[in-house]
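J.: Prediction below, plus the sequence it came from.
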Amino acid sequence: MSESDYDAIVFDNDGVIVEPTDRAVLVDAVVESLEAFDLDVGRAFAERTVANDAVPAETVREHGVAPEPFWHHRELTASLAQQSHVRDGGKPVYDDVVALGDLDVPLALVSNNQHATVEFLLAYHDLGDLFVSARGRAPTLAGAAKRKPEPHLIERALDAVGTGNALYVGDSEKDIVAARRAGIDSAFLRRSHVDHVELSAEPTFEAADLHELFDRIPNGR
């Protein structure tokens, strides 16, 4: 597939289009949700769930709390916390994102972040017009189960752009695996926050930034 032009390019959001969220912001949001449900399990537990990108359904259930309402509260709290963080100057857009305007194929965006957060970020940074489709995870346990490396979000993006001949650009191994499961090529963007990450899954392309990537792929010529 990489020998010819792609008919579309799909991008991850956090770490590709905008800078990653400060982990402390997410931990604080999880702590707030735990306290709202009177779950006294400590900040270290919240830190582990954020670090592992985990859904603590079993632990929550063991403390007599239904996982679904807890997770919905956690998702809403995390999204609002990120939105406040953005208003305070967090999660700026990477300088090289301006290069997306030079591409002449449909662009889409998928993210493991909450869909409400994705919508806010695109509106706040005035990026919505760049993408035919932009999707994040639903604030439910079912939505959490469909996060990358599951291919669900990428497959929906491919349906939106009307092609399976696409490239997915991400900054994690989950992105590479999700693209492979969706049957498309992948590009690993080795920005500074993942400079020393070792990959066990091989991307089709690897580049330090979007400028370098677009110099290498057929569509960027």
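T.: Arrived safely, thanks for sending. Residues are numbered from 1 along each chain as shown.
J.: and the helix or strand containing Gly143, what other elements does it pack with?
T.: According to DSSP states H and E, Gly143 maps onto helix 141-145. Here helix 141-145 touches helix 67-87, going by 3 or more CB pairs under 8 Å, 6 or more residues apart in numbering; DSSP states H and E. Where you see a C-beta, it was placed from the backbone N, CA and C, and this is true even at glycine.
J.: What lies in contact with the longest strand anywhere in the chain?
T.: The longest strand of the chain (DSSP state E) is strand 107-114. The contact list for strand 107-114 (CB atoms under 8 Å, 6 or more residues apart in numbering) reads 8-14, 17, 21, 53, 75, 78-79, 82, 100, 117-118, 122, 130-137, 139, 147-148, 153-154, 156-158, 160-161, 174.
J.: what angle do that strand and helix 67-87 make?
T.: With axes from the mean of the first three to the mean of the last three CA atoms, to 10 degrees defining the directions, strand 107-114 sits at 120 degrees from helix 67-87.
J.: What strands flank strand 107-114, and is each parallel or antiparallel?
T.: Here strand 107-114 is paired, per DSSP bridges, with strand 8-11 (parallel), strand 133-137 (parallel).
J.: Could you look over the ones you listed and pick the most buried one?
T.: Ranked by mean neighbour count under mean count of other CB atoms under 10 Å, the strands paired with strand 107-114 are led by strand 8-11, which reaches a mean of 26.
J.: Tell me how far that strand lies from the chain's centre.
T.: How far strand 8-11 lies from its chain's middle: 13 Å, per CA atoms, centre = their mean, to the nearest Å.
J.: who touches that strand?
T.: Outside strand 8-11, the residues within contact range by CB under 8 Å, 6+ apart are 17, 100, 103, 105-110, 131-132, 154, 157-158, 161-163, 165-170, 184, 219.
J.: Mind doing that once more with 6 Å?
T.: Residues outside strand 8-11 that contact it (CB atoms under 6 Å, 6 or more residues apart in numbering): 17, 105-109, 157, 161, 163, 166-169.
J.: Can I get it as PDB, trimmed to CA atoms?
T.: Provided in PDB are the C-alpha atoms of strand 8-11 (Å, rounded to 0.1, in the frame of the first residue of the first chain):
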ATOM      1  CA  ALA A   8      -6.700   9.500   3.100                       C
ATOM      2  CA  ILE A   9      -4.600  10.100   6.200                       C
ATOM      3  CA  VAL A  10      -5.900   9.500   9.700                       C
ATOM      4  CA  PHE A  11      -4.200  11.100  12.700                       C
END
